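Q: only geometry, no sequence info:
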Ligand SMILES: Cc1ncc(COP(=O)(O)O)c(C=O)c1O
């Protein structure tokens, strides 16, 4: 795949003007992770209402792929029930991005996904360490 | 195998060291440079992470395993004797290369292990001070943090000036507190700064401190003589200087090494073992517990031969010209921010760390990878330095003996492509 295909207009848009970027005053859920190898950082905050994601924000720093993917993901789960959001599959995130992601960049694409899952699981009381979100 | 050159002067015989050669074009000695990446010729600008290996090094390791493999120092048979000679011969070559006595050359896995060896055999007392710097690789920070935590020793860091040099005023203040040991890098793996090692060592010694110098980014690029520098400890990794991975060197002054306790214990490092206790072997073997990386040491010895056949002065000149060329061209690329000393090429070696507009270094590396260009991106194992620079990551190109101006040109074209893709 070429770099042109990876950095489509829409990815750059999300990178430079991310949706849902910022913090919440009183989040019910807060989760954060860092990609050790590259230093990318994402924190997701969620306000819960009636078992649903009433509001979701993220902040962090990192490459266009990790930031765009996280931003798209937050839009995708807005208003969704926690139970349902917790069941989102990796492929859904990759479909949101709809660009070819090389194996080397998978970690970037899925950083926000991993953080979201860890946040939801711990809120839902299922103690998991997010390992199953690691790329295989 | 001798390194090959573009011949500059006709009288100069082939294969002999040529003073003043303009360009050391040795790419053909490095088989990997024939590799294609995504259908494009590999442009390897990540030598500071690990260098590529000349055929002579690869062959030396191959030949050793095919013809001489045996354990050393333990057999009476012919092969064991030959393997021991090769291993100890490599030690001798390395000692000569950096101006040391062979008893002062301890083989370890890499620079990181060498620093750990010193850190864990230093045994500071509570309240003793250790001084490092903000520009260090994590390998010259974390072991000291560890030791300080375990012993109650104090740890302080020399800050930097805006130009990316060690702040000499603060250095004076910290050294005057009579630290037990100061540890700093010879060349920064991010800024490229060549620190004034000789002056720093003299100053530290004036206050009675021991000095450990991290030479991981220096030995591959500039002439190093540990006796001239007067460093007490000097460490480096084989894999960054055209040698194999898994082999590195701790140089230490004989008198100091003799006083130190062993780091790891077991076979090879003992003189006599009784169940009540043991006595240590002589230097350097006292610090080499267990079967060492024999092939690695032989490979590193061959890498030293290769570097010497080129001549460290020629190498430095070649790389400085390349850096100078790259620095000047990169200045003209809109949106480029470069880090480290920019005004005096003589105090920079090996690397140029930079950022391009708001492109994250990882994205930049991806775009360049598409063109067959290998660069480093990230925090370079120097997070405190990144913090000082006010960035979370940078891109970095680094050069070696096989790097050419053409490599830099291809890289510059790719930077323009990145600007286009990111609509800068
Ligand atoms: C300045 C410096 N010191 C130490 C090291 C650590 O080397 P190694 O990983 O081979 O132990 C590096 C490697 O990047 C380095 O650049």
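A: Received, thanks. In this text the structure is predicted, and so the values were computed from the model without any measurement.
Q: what secondary structure does the residue lying closest to residue A:27 once chain neighbours are set aside sit in?
A: For residue A:27, ignoring the flanking residues on the chain, the nearest one in space by C-beta to C-beta, 6 or more residues apart in numbering or on different chains is residue A:45 at 3.7 Å. For the C-beta atoms, the positions are set from N, CA and C on the backbone; glycine is no exception. Following DSSP: H, G, I helix; E, B strand; the rest coil, residue A:45 is assigned to strand.
Q: and residue B:184, helix, strand or coil?
A: Following three-state DSSP, the label given to residue B:184 is strand.
Q: wait, it sits on residue B:165?
A: No - with contact defined as C-beta atoms under 8 Å, residue B:184 does not reach residue B:165; the gap is 11.7 Å.
Q: the more surrounded of these two?
A: Each of residue B:184 and residue B:165 has its neighbours counted (other C-beta atoms under 10 Å in any protein chain shown); residue B:184 has more, 25 against 19.
Q: which ones are touching the more buried one?
A: Residues in contact with residue B:184 (C-beta atoms under 8 Å, 6 or more residues apart in numbering or on different chains) are B:132, B:133, B:135, B:136, B:140, B:158, B:166, B:195, B:200, B:212, B:213, B:214.
Q: nearest residue to the residue of the stretch 201-350 of chain B with the smallest separation from chain A other than its sequence neighbours?
A: Nearest to chain A, among the residues of the stretch 201-350 of chain B, is residue B:335, at 14.0 Å (C-beta to the nearest C-beta). Nearest residue to residue B:335 in three dimensions, chain neighbours excluded: residue B:357, at 3.8 Å (C-beta to C-beta, 6+ apart).
Q: before we move on, what about residue B:368?
A: Nearest one to residue B:368, counting by C-beta to C-beta, 6+ apart, is residue B:414 at 5.0 Å.
Q: shared neighbours, residue B:184 and residue B:165?
A: If you check residue B:184 and residue B:165 against C-beta under 8 Å, 6+ apart, the residues they both contact are residue B:195.
Q: which one of the contacts of residue B:184 is nearest residue A:64?
A: Distance to residue A:64, by C-beta to C-beta, is smallest for residue B:135 among the contacts of residue B:184, at 28.7 Å.
Q: list the contacts of the closest residue to the closest one other than its chain neighbours.
A: Using C-beta to C-beta, 6+ apart and skipping the chain neighbours, the partner closest in space to residue B:135 is residue B:188 (4.7 Å). Contacts for residue B:188 (C-beta under 8 Å, 6+ apart) come out as B:135, B:164, B:195, B:217, B:340, B:351, B:382, B:385.
Q: residues near the third one, how many?
A: Right, residue B:195. Counted with other C-beta under 10 Å, residue B:195 comes out at 22.
Q: got it, and residue B:34?
A: So residue B:34, with other C-beta under 10 Å, has 10 neighbours.
Q: before we move on, the earlier item: who touches the residue of the stretch 201-350 of chain B closest to chain A in this structure?
A: Taking C-beta under 8 Å, 6+ apart as the test, what residue B:335 contacts is B:356, B:357, B:419, B:424.
Q: just how off-centre is the longest helix along chain A within its chain?
A: In chain A, ranked by residue count with DSSP state H as the criterion, the top helix is helix A:106-123. Distance, stretch centre to chain centre, for helix A:106-123: 6 Å (C-alpha atoms, centre = their mean, to the nearest Å).
Q: do that helix and chain B meet at all?
A: Yes - interface with chain B: helix A:106-123 contributes residue A:108 (C-beta under 8 Å from any C-beta of the partner chain).
Q: out of the contacts of residue B:335, which end up buried?
A: Neighbour-count burial (16 or more other C-beta atoms under 10 Å in any protein chain shown) is assigned, among the contacts of residue B:335, to B:356, B:419.
Q: ok, so of the contacts of residue B:335, who is nearest the ligand?
A: residue B:356 (22.3 Å; C-beta to the nearest ligand atom).
Q: contacting residues around the closest one?
A: Contact partners of residue B:356, counting by C-beta under 8 Å, 6+ apart, are B:333, B:335, B:336, B:337, B:364, B:395, B:415, B:418, B:419, B:424.
Q: nice, that's everything, thank you.
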